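Asks: what's the 3D shape of this:
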Amino acid sequence: MPVSIAALAEEHANVIHNMHQQSNVLEDIHSTLNDSYLNLRSQYEDLRKQCIALEQERTERESLTEKLKRERDSLLAERAKRVAEDEGKIRAAQEAAFAFNAQMTSIAQPDEEIRKKLASIQSQWAGFAKEWASKDITKLYTEGDTHFLKVMTQPYIAASERNANDGLFSKAILPSSGRLLLQAELSHFICWNLISTPFFSFHGILADRKTKTEEMNSSALVLESICQEIINDDPAAGHAWRAQTVGLFGVPRDHQNQTSAQRASAKRREDRYEELVDEFDKGRSSCLYRACSHADYFRRRTSLKNLLHDTGEYLTQLWMQKVHIATLDLPELGHSPFRIGAEEYEPHNRLKLDDEKTDTSLDGWPIQMVVQPAIVACGNEQGADYAKLKKIWARAIVWVSSGGRSDPVRPPLKPAEQTSVGLHIMNVAQRSQSPQHYDMVTSNSLPIQVPGSDEQAESTMASVKRKPQPTGRRSIDGGSRSSLPQDPNGRPQLNRAPTNPDMGWDPATNGQLMQRSFAGVPQHITRTPMGPTLRGGDNSSKRSKSSQNWFSGKISNSRKQSSALGFS
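Replies: The predicted structure follows:
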């Protein structure tokens, strides 16, 4: 059927219209794509600029890092150069003085003279403790004072002492416990800071007086480093070098002929004594002081400064000798039971023995605390026998109690254990800057050969296997201990609840009043070229939490404990 011209025209018009619509759609798409392209191009430009900025920043940081590295290397090189210069100055001064010092006669003092002088100095320590110690530490004991906790966890006190019914915290001893603990704290503070190191007086000698304490200590560390190097090669030469070094700046026996270096060193030692007074007064020992007036406070500081001065000045003289000085403490003395007449120690007078030379009533009991360490000398003025010849210049003062044991007598020891004791020597390079932080540093023990050791070994064996005392151990307060329950051999049975309230037993706690334990003091062992060293680790932050378990509890429990100790 023929299509009309009108229909074709209409169809053509529809096609044209559709093509226009599609053209408009394509134009819209093109416009949208163009806009997207422009946006992406703009974003690309922004990112490219950011990359350029980041690259510039990276380059600048690399440049700064290189600059800091160069500065660090320069500082390290300068520090090494300064240390080398310090060592060179010391060596040059020593080499210039060695020829003269080698021709000098020995400045060694007679042993008996040294013993008398040290006894006089140590009597000042005991007198200071007696005058200034608190006579009632019950509150510290029952409430768990933080400083008191640190005192009780020092390595010179056996952890079992708190369990002893006849120990520091029994009613009979408690009024004297403050004095005993203060004397122990003071003597160990002095040993750790003055006696056990030959270079305590060298603080700040090679440094500017205005520098910090840490920088001032570097001179002592330089000397220690040199001394250790020499001792590594030749111990005798090392000790001779140490004696001559101390002599250059030390205290001459003839104070009329002091050199300028000795006068300057004396002034710095006085400054050091002042620092030690502050450290002791502000440390854990402060809890053991009795209350005093403002005037007495300054009198106490003056007394402490004087005894530190007397001790330090005399020890400086002793370190000018070739012998090596060391101390013996609880780790060395506590491994054997107490034996009257021992060469290394003597009982504290508060134990009130009938005769401190012949009363064997405490023989076999454990040594629970070293109130004063022993001071011993090794070697001789010929620079020999450092591992063999040992002289006891000052005997240790020890405290003895049952330690909470039902049978304090220990098994017989081997003769070698009874006639030897470990020796510990201070290493200044490993000392803490603060005397309140004591690092345990020890090495090989050197046996002390006690004259007549065979006889003493037999005496010790006999004392350990002693016959029972007919009257029992004498009481601290002058009474007799015969009222305590005893075994068939006459020894007190301290694991049974005593009927005497003075012994501190509390029926409400079934005799467990003092059974809560302190945290122990960790022992760190390190080998040092100068020899073994023993120092107590404070580590108060590690053990304070567990130590508080002993003192924790409600106020009512504290009052109950105080009542059980005999205090209202």
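Asks: for my notes, confirm R91 occurs in a strand.
Replies: No - counting by DSSP: H, G, I helix; E, B strand; the rest coil, R91 is not part of a strand but helix.
Asks: low-confidence stretches in the stretch 351-500 of the chain?
Replies: Low-confidence segments of the stretch 351-500 of the chain (pLDDT under 70): 404-500.
Asks: please repeat the previous calculation with a cut-off of 80.
Replies: The stretch 351-500 of the chain contains residues with pLDDT under 80 at 354-357, 383, 388-389, 403-500.
Asks: same check, this time on the stretch 1-150 of the chain
Replies: 1-3, 91-107, 141-144.
Asks: can you give me the strands in it?
Replies: Secondary structure of the stretch 1-150 of the chain (DSSP state E, counting those that start in this stretch): no strands located.
Asks: how about the helices in it?
Replies: All helices of the stretch 1-150 of the chain, identified by DSSP state H, counting those that start in this stretch, fall at 5-103, 111-132, 138-143, 146-152.
Asks: could you pull up the mean pLDDT of the helix or strand just after the last one?
Replies: Under the assignment DSSP states H and E, the closest C-terminal helix or strand after helix 146-152 is helix 174-190. Averaging pLDDT along helix 174-190 yields 92.
Asks: circling back: JSON lines for the helices of the stretch 1-150 of the chain, including mean neighbour count and distance to A394?
Replies: All C-beta spots, glycine's among them, are computed from the backbone N, C-alpha and C. Converted to JSON lines, these look like this (neighbours: other Cβ atoms under 10 Å; distance: least, Cβ to Cβ, whole Å):
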{"stretch": "helix 5-103", "mean neighbour count": "10", "distance to A394": "28"}
{"stretch": "helix 111-132", "mean neighbour count": "16", "distance to A394": "4"}
{"stretch": "helix 138-143", "mean neighbour count": "19", "distance to A394": "29"}
{"stretch": "helix 146-152", "mean neighbour count": "19", "distance to A394": "23"}
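Asks: those helices: which one's closest to H309?
Replies: helix 111-132 (10.4 Å; Cβ to Cβ).
Asks: thinking again about what came up before, out of the helices of the stretch 1-150 of the chain, which is closest to I231?
Replies: helix 5-103 (14.8 Å).
Asks: secondary structure element holding T358?
Replies: Per DSSP H and E: T358 is located in neither a helix nor a strand.
Asks: ok, now which ones touch the residue nearest to it when sequence neighbours are not counted?
Replies: Using Cβ to Cβ, 6 or more residues apart in numbering and skipping the chain neighbours, the partner closest in space to T358 is I340 (6.9 Å). Contact partners of I340, counting by Cβ atoms under 8 Å, 6 or more residues apart in numbering, are 347, 353, 356-360, 362-363, 463.
Asks: turn those into JSON lines, columns for neighbour count.
Replies: JSON lines is the format used below for those (neighbours: other Cβ atoms under 10 Å):
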{"residue": "P347", "neighbour count": "20"}
{"residue": "L353", "neighbour count": "19"}
{"residue": "E356", "neighbour count": "14"}
{"residue": "K357", "neighbour count": "8"}
{"residue": "T358", "neighbour count": "9"}
{"residue": "D359", "neighbour count": "18"}
{"residue": "T360", "neighbour count": "19"}
{"residue": "L362", "neighbour count": "23"}
{"residue": "D363", "neighbour count": "22"}
{"residue": "S463", "neighbour count": "20"}
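Asks: now for these: which two are most distant?
Replies: E356 and S463 (14.7 Å).
Asks: isn't S285 up against A184?
Replies: No - contact criterion Cβ atoms under 8 Å: S285 and A184 do not qualify, at 9.5 Å.
Asks: compare the two (neighbour count), which wins?
Replies: Between S285 and A184, counted using other Cβ atoms under 10 Å, the more crowded position is A184 (26 against 23).
Asks: the more buried one and P373 touch, don't they?
Replies: No - A184 lies out of contact with P373 (Cβ under 8 Å); the separation is 9.4 Å.
Asks: kindly indicate which of the contacts of I340 lies nearest G403.
Replies: L362 (12.2 Å).
Asks: picking that back up, which one of the helices of the stretch 1-150 of the chain lies closest to G383?
Replies: Of those, nearest to G383 by Cβ to Cβ is helix 5-103, at 11.6 Å.
Asks: return the list of helices and strands in contact with that closest one.
Replies: helix 218-233, helix 235-249 (3 or more Cβ pairs under 8 Å, 6 or more residues apart in numbering; DSSP states H and E).
Asks: just the buried residues of the shortest one, please?
Replies: Buried residues in helix 235-249, counting neighbours by 16 or more other Cβ atoms under 10 Å, are found at 235-236, 238-249.
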